[in-house]
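Undergrad: Provided below for reference: sequence and predicted model.
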Protein chains: 2
Amino acid sequence: MSKAIHSATAAPKEPQAVTARRSRGWVPAMTSDTYKLYYWPMLQGRGEFVRLALEEGGAAYVDVARLPEDKGGGIEALLAFLGAQEQPPPFAPPVLTLGDLVVAQTANILLLLGRRLHLAPEDEAGELACHQLQLTLADLVSEAHDTHHPVASGLYYEDQKAEAKTRAKDFTARRMPKFLSYFERTLEHNSASAGAYLVGSDRSVADLSLFQVLEGLAYAFPRGFEQTTGDCPRLLALRRRIAERPRVAAYLASSRRLPFNEDGIFRRYPELDIG
Amino acid sequence: MSKAIHSATAAPKEPQAVTARRSRGWVPAMTSDTYKLYYWPMLQGRGEFVRLALEEGGAAYVDVARLPEDKGGGIEALLAFLGAQEQPPPFAPPVLTLGDLVVAQTANILLLLGRRLHLAPEDEAGELACHQLQLTLADLVSEAHDTHHPVASGLYYEDQKAEAKTRAKDFTARRMPKFLSYFERTLEHNSASAGAYLVGSDRSVADLSLFQVLEGLAYAFPRGFEQTTGDCPRLLALRRRIAERPRVAAYLASSRRLPFNEDGIFRRYPELDIG
């Protein structure tokens, strides 16, 4: 199997709710069952939240920019694709397509995948609760990113190292604990899964994204993460629970999973961790 | 009419699509048609995006924290409400309730209001396109906020003034123009409304939010805004078009519209504007 083209061993079964909605005309007919992900090929970044949902959902997908250049991959092809979209244009990758549907903004893509891949509650209140958590995770991801780029995302880390130290200190001392204790509390209150998942009775896109955030924070701030999560047994259990799901475990062990690196959101700069 | 309780002159008519979805059981039956907004009472902030949608949509709503304290208003009552929510808990205001439904995260609230108040395309692809724009606006709002709080949201502006100047310079020179030219281009490409609105043929929650962002940027960075929007005739036309809609105009002229101030997202600190 190629590194970039992944098909689940069995064709994914379409959840009943999707079939039901499509028959009502709300879900457009699909011209293709293969998802195409357009994202930077050399880093996890925000694309990784989409990859995890596609993998856990058993979707057939192509990680387009990771294909060889003669098969449509590479950064130039990615930029050409992004520039050609108009209704509306995407502001930035990731972008996911499914037939004629072109969707950008990570949380928005996950709203779609939650429905299509049976990775979100099916009732409207549950879907909104799941999306609320997804957007709170997006806020945490932005703040984690800004620890190394507090002044300007277009400048090098080396040019804003002093400000990064100040911001990272606030992040590890105040913001990361605030967010993580919030998600710990959310797990504690979710009686529908006895605290195993964030919302409803089963794992959702929000749980997969929380897993990725925990992995990222543990990579970027190993000491701060260990200290903060000393009080968060449910978060640590969720991290293990997601990692052990068969499809996630297979993905993490494959070459499709890029390693963390210092081009992504979560970067290991020891000077930004607690002492 | 009280400052905090606003009822549209005519009871809002429920869009047909909502009725259709409810009869399928996807939209829970409403126990009340009155929306309750929970947000800081002394500033526009992120609550203002919700207020604008409620007003343009002709919804009956209560801006709870702005009620007198003996009627359930005030900050202490707001904090008590926030602390009592569990499924899932909100991370921060704004929170909107409708009957049993409790929804947090601004963009998520607007996803709901787009459906209920007929302020978004009704097909799934259109709703996702609208939400994509909403999330891109949320990114711009965060970056506008961080110009005055680049180091720590919990510290005073005066304690991060030097870093704020550096960050604001990058914002006015690079990020604000990038975002605004993106939205100008989005209007230009939207043939369904001949460039009048961001998505589809009519105004949506995204247009109302773009209006608010333009108002805010013009307030916070008058010189930078004027320079940037010299190339953005469609944005300026949209700003006027929204301001002149009868319900929006009535709202802006009322005491329900709080003025911009230096506690909100958009703050007028002349030293952060271009020279």
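TA: Good, I have the coordinates.

Undergrad: how is chain A carved up into domains?
TA: What automatic domain parsing lists as the domains of chain A is A:5-116, A:124-245.

Undergrad: Now do the contacts for A:H189.
TA: B:86-89 (CB atoms under 8 Å, 6 or more residues apart in numbering or on different chains). (Each C-beta comes from the backbone N, C-alpha and C, glycine too.)

Undergrad: Show the buried residues in the residues you listed.
TA: Buried members of the contacts of A:H189, scored by 16 or more other CB atoms under 10 Å in any protein chain shown, are B:88-89.

Undergrad: From the contacts of A:H189, which one has the minimum pLDDT?
TA: The lowest pLDDT within the contacts of A:H189 belongs to B:Q87, with 84.

Undergrad: Tell me how far the closest residue to it other than its chain neighbours lies from B:F91.
TA: Using CB to CB, 6 or more residues apart in numbering or on different chains and skipping residues adjacent in sequence, the residue nearest B:Q87 is A:H189, 6.4 Å away. Note on A:H189: its distance to B:F91, by CB to CB, to the nearest Å, is 13 Å.

Undergrad: what does A:D207 give?
TA: Per CB to CB, A:D207 is found 17 Å from B:F91.

Undergrad: Of all residues in chain A, which one is nearest the centre?
TA: Centroid-nearest residue in chain A, with CA atoms, centre = their mean: A:F49, separated by 1.4 Å.

Undergrad: helix or strand for that one, which one?
TA: Using DSSP states H and E, A:F49 sits within helix A:47-56.

Undergrad: need the least confident one among the domains of chain A, by mean pLDDT.
TA: Here the lowest mean pLDDT among these goes to domain A:5-116, at a mean of 83.

Undergrad: where does it sit relative to the chain's centre, distance-wise?
TA: Centroid separation between domain A:5-116 and its chain, computed with CA atoms, centre = their mean, to the nearest Å, is 13 Å.

Undergrad: Next, A:Y197: secondary structure please.
TA: Three-state call for A:Y197 (DSSP: H, G, I helix; E, B strand; the rest coil): coil.

Undergrad: which residues of chain A fall in strands?
TA: Using DSSP state E, the strands of chain A run over A:5-6, A:35-38, A:61-63, A:95-98, A:101-104.

Undergrad: can you put those in JSON lines and add distance to A:E226?
TA: JSON lines is the format used below for those (distance: least, CB to CB, whole Å):
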{"stretch": "strand A:5-6", "distance to A:E226": "33"}
{"stretch": "strand A:35-38", "distance to A:E226": "32"}
{"stretch": "strand A:61-63", "distance to A:E226": "32"}
{"stretch": "strand A:95-98", "distance to A:E226": "34"}
{"stretch": "strand A:101-104", "distance to A:E226": "35"}
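
Undergrad: if we can go back for a sec, helices or strands next to the helix holding A:F49 in the packing?
TA: Applying 3 or more CB pairs under 8 Å, 6 or more residues apart in numbering or on different chains; DSSP states H and E, we find helix A:47-56 packed against strand A:35-38, helix A:106-116, helix A:205-220, helix A:246-252.

Undergrad: List the contacts of the first one.
TA: Strand A:35-38 is contacted from outside by A:47, A:50-51, A:54, A:59-65, A:78, A:81-82, A:93-98, using CB under 8 Å, 6+ apart.

Undergrad: cool, the last one as well?
TA: Contacting residues not belonging to helix A:246-252 are listed as A:8, A:51-52, A:55-56, A:58, A:208, A:211, A:242-243, A:257 [CB under 8 Å, 6+ apart].

Undergrad: repeat that for 10 Å
TA: Contacts to helix A:246-252, defined as CB atoms under 10 Å, 6 or more residues apart in numbering or on different chains, come from residues A:6, A:8-9, A:51-52, A:54-58, A:203, A:208, A:211, A:215, A:241-245, A:256-257.

Undergrad: coming back round to it: A:D207 and B:F91 - which one has more neighbours?
TA: The residue with more neighbours, out of A:D207 and B:F91, is A:D207; 27 against 21, by other CB atoms under 10 Å in any protein chain shown.

Undergrad: Regarding chain A, what is its longest helix?
TA: The single longest helix within chain A, with elements called by DSSP state H, is helix A:124-146.

Undergrad: Leaving out the residues flanking it, which one is nearest to A:V141?
TA: A:I265 (6.0 Å).

Undergrad: give the contact list for that neighbour.
TA: Applying CB under 10 Å, 6+ apart, the residues near A:I265 are A:43-46, A:48, A:141-142, A:144-149, A:212-213, A:216, A:220.

Undergrad: just to revisit the earlier point, can you list the strands of chain A in CSV and add mean neighbour count?
TA: Conversion of the strands of chain A to CSV gives the following (neighbours: other CB atoms under 10 Å in any protein chain shown):
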stretch, mean neighbour count
strand A:5-6, 18
strand A:35-38, 22
strand A:61-63, 23
strand A:95-98, 22
strand A:101-104, 22
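
Undergrad: picking that back up, of the contacts of helix A:246-252, keep whichever come out buried.
TA: Buried members of the contacts of helix A:246-252, counted by 16+ other CB under 10 Å: A:6, A:51-52, A:54-58, A:203, A:208, A:211, A:215, A:241-242, A:245, A:256-257.

Undergrad: ok, back up a step: the residue nearest to the centre of chain A contacts A:V213, doesn't it?
TA: Yes - if you go by CB atoms under 10 Å, A:F49 and A:V213 touch, sitting 8.8 Å apart.

Undergrad: hey, what's in contact with both of those two?
TA: With CB under 10 Å, 6+ apart as the test, A:F49 and A:V213 both reach A:137-138, A:141.

Undergrad: Do a quick rundown of the helices in the stretch 151-275 of chain A.
TA: Along the stretch 151-275 of chain A, the stretches classed as helices by DSSP state H, counting those that start in this stretch are A:161-170, A:176-189, A:205-220, A:222-229, A:233-243, A:246-252.

Undergrad: Identify each buried residue in the last one, please.
TA: Looking back up the chat, that one is helix A:246-252. Using 16+ other CB under 10 Å as the test for burial, helix A:246-252 gives A:248, A:251-252.

Undergrad: What separation is there between A:L119 and A:L54?
TA: 10 Å.

Undergrad: about what we covered before: out of the domains of chain A, nearest to B:C130?
TA: Between B:C130 and the domains of chain A, the shortest separation by CB to CB is 8.9 Å, and it involves domain A:5-116.

Undergrad: Who are the contact partners of the residue nearest to A:L128 when sequence neighbours are not counted?
TA: Distances taken as CB to CB, 6+ apart put B:V103 closest to A:L128, at 5.3 Å, once the chain neighbours are dropped. Contact analysis of B:V103 by CB under 10 Å, 6+ apart lists A:125, A:128-129, A:131-132, B:50, B:90, B:94-97, B:109-113.

Undergrad: make it 8 Å
TA: Contacts of B:V103 by CB under 8 Å, 6+ apart are A:128, A:132, B:95-97, B:109, B:112.

Undergrad: Also A:G72?
TA: So A:G72 contacts A:V64 (CB under 8 Å, 6+ apart).

Undergrad: And A:G154, by the same measure?
TA: Contacts of A:G154 (CB under 8 Å, 6+ apart): B:170, B:174.

Undergrad: still on that earlier bit, I'd like the buried residues of helix A:246-252 as JSON lines, with pLDDT and distance to A:K169 appended.
TA: Output for the buried residues of helix A:246-252, formatted as JSON lines (pLDDT from 0 to 100; distance: CB to CB, whole Å):
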{"residue": "A:V248", "pLDDT": "98", "distance to A:K169": "33"}
{"residue": "A:Y251", "pLDDT": "98", "distance to A:K169": "34"}
{"residue": "A:L252", "pLDDT": "98", "distance to A:K169": "31"}
